[in-house]
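*Asks:* Below is the structure, and that's it, no one-letter string:
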């Protein structure tokens, strides 16, 4: 039996002020072929999964907290207990707009790496509204790819 244990998975910090813990896929003990699953904690007031897209379909399940979800041209507040479906190829972003950490689970399939993790760490994530990357929906929190100076 293979078990992934959040209490034993350190995870990785990203410049956009989040911690991602892979449960299935990536560096996780469980390596499924059809999906990847992980726990993400967004720091209060701005922690983010920045504007990106990928070929896999995906869902975000908000476990606790309040966020601004941008999906294509749409923008909406999401809270605990809500799940968002993200179709393949559609740009999306989740920003913590609350004063407490936002915790969510992601699941995408098929399994495999998504480029935005490496791009964010390398500082090469394409900015919203530049080149082939569409702009964020009107009124959205700005895309964050660098750690704030006061963090």
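*Replies:* Arrived safely. Quantities reported herein were computed from a predicted structural model and do not represent experimental measurements.
*Asks:* can you tell me which helix or strand the residue nearest the centre of the chain belongs to?
*Replies:* Compute the mean C-alpha point of the chain, and by Cα atoms, centre = their mean the closest residue is residue 49, 3.6 Å away. Applying DSSP states H and E as the criterion places residue 49 in strand 48-52.
*Asks:* Check residue 59 too.
*Replies:* Counting by DSSP H and E, the element that carries residue 59 is strand 57-64.
*Asks:* Now tell me what touches that strand from outside.
*Replies:* The set of residues that contact strand 57-64 without belonging to it, under Cβ atoms under 8 Å, 6 or more residues apart in numbering, is 69, 78-88, 92, 94, 100-109. The C-beta positions use only the backbone N, C-alpha and C, and glycine is treated the same way.
*Asks:* and after it, which helix or strand comes next?
*Replies:* Helices and strands here follow DSSP H and E; after strand 57-64, the next one along the chain is strand 66-71.
*Asks:* Phi, psi for residue 119 please.
*Replies:* Dihedral pair for residue 119: phi -60, psi -40, per degrees, to the nearest 10.
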